[in-house]
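Q: Return a 3D structure for these sequence lines:
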Amino acid sequence: MFEKADLKNKATPARSAATLIVTRDGTDGLEVLLLRRNPALKVMAGAWVFPGGKVDEADAGEDALARANNAAIRELHEETGLEVGSEPIIHFSRWLTPEVVKHRFDTHFFLAPQSGNTSVVVDGSEIVEYRWVKPDIAIAEQAAGTLKVPPPTLVSLTDVAEYESLADLVKAVKRRQPPYFFPRILEQGEDHVFLYPGDSGYEASDVSLATVRHRTTMHQGVFTYRRDFPWPDHHQ
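A: So this is what the prediction gives:
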């Protein structure tokens, strides 16, 4: 999550991490797997997130992306007991925590289509609950203040919610260039605004420049995400 207490003046190095957006076709449409972090944890206590965690030294790979890929698969099994499906996981996005935040991560997000066994068993320590949920329902609950999710989770849910089926989602993610997020956190009155690359105000760090918006606004603890343009794909 994001709190004012998370901010600091001196930048700290970002640790490599990986996140897996596990998706399936449910009876009423596309569903994602969300996990609730233990409320006793120091980072994102009680938040609902996708499976994932830090990249360990044992996570092999020829480069950072390959190591993150393997870390995401490992974390999924450790946190839920699930194995990835027959289709390979797909690079979805990359998030670099702003330098003003205390706990920084360089996180690769992956999409994991799930068509086989979806029996989830949480570890009961770091993760205490799970749920399969339609992205639009999760977004509505977050807007109502009843579901605690960090901005990268909300942004990813909004992205996934654009598609009706798992096949459509996989096709779109394979075509596009994985978006990169390096937020700039600014104050706007009592609100905080997270500007992302592509927003008119991003380069100047100016929230008033809003011809094209790509930003998340936090108002009274609730996040609202807006993107005014389509993601570019590999064929453009």
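
Q: How is the chain divided into domains?
A: 4-181, 183-229 (automatic domain parsing).

Q: Look up how far residue 36 lies from residue 158.
A: To residue 36, residue 158 is 20 Å away according to CB to CB, to the nearest Å. To be clear about C-beta, it is placed using only N, CA and C from the backbone, and glycine gets the same treatment.

Q: What of residue 50?
A: 12 Å.

Q: again, but for residue 222
A: 18 Å.

Q: for residue 56, same thing?
A: Counting by CB to CB, the gap from residue 56 to residue 36 is 23 Å.

Q: remind me which residues of the chain are low pLDDT?
A: 1-11, 85-86, 116-117, 235-236 (pLDDT under 70).

Q: where do the helices sit along it?
A: 64-80, 135-143, 151-160, 166-175 (DSSP state H).

Q: outside of stretch 56-76, which residues touch it?
A: Stretch 56-76 is contacted by residues 16-20, 22, 51-55, 82-84, 89, 91, 106-108, 110, 112 when judged by CB atoms under 8 Å, 6 or more residues apart in numbering.

Q: That stretch: how far from the chain's middle?
A: Distance of stretch 56-76 from the chain centroid (CA atoms, centre = their mean, to the nearest Å) equals 17 Å.

Q: For it, list every residue counted as buried.
A: For stretch 56-76, a neighbour-count test (16 or more other CB atoms under 10 Å) marks 59, 67, 68, 69, 70, 71, 72, 73, 74, 75, 76 as buried.

Q: and the second one, how far is that from residue 129?
A: Just to be clear, that refers to residue 67. 29 Å.

Q: Please name the bridge partners of residue 91.
A: Here residue 91 sits in beta bridges with residue 110, going by DSSP bridges.

Q: my guess is it meets residue 112, correct?
A: No - proximity of residue 91 to residue 112 does not meet the contact threshold set by CB atoms under 8 Å, at 11.3 Å.

Q: sorry, back to before: residue 50 and residue 36 - which one has more neighbours?
A: Comparing residue 50 with residue 36 by other CB atoms under 10 Å, the one with more neighbours is residue 50, at 27 against 17.

Q: ok, that one touching residue 153?
A: Yes - between residue 50 and residue 153 there is a contact under CB under 8 Å: 6.4 Å.

Q: what's the burial count for the residue lying closest to residue 45 once chain neighbours are set aside?
A: In space, and not counting its chain neighbours, residue 45 is closest to residue 39: 5.0 Å by CB to CB, 6 or more residues apart in numbering. Other residues lying near residue 39 total 10 when counted by other CB under 10 Å.

Q: Report the separation between residue 39 and residue 216.
A: Counting by CB to CB, the gap from residue 39 to residue 216 is 23 Å.

Q: buried stuff in stretch 195-214?
A: By neighbour count with 16+ other CB under 10 Å, stretch 195-214 contains the buried residues 195, 196, 198, 199, 200, 201, 202, 207, 213, 214.
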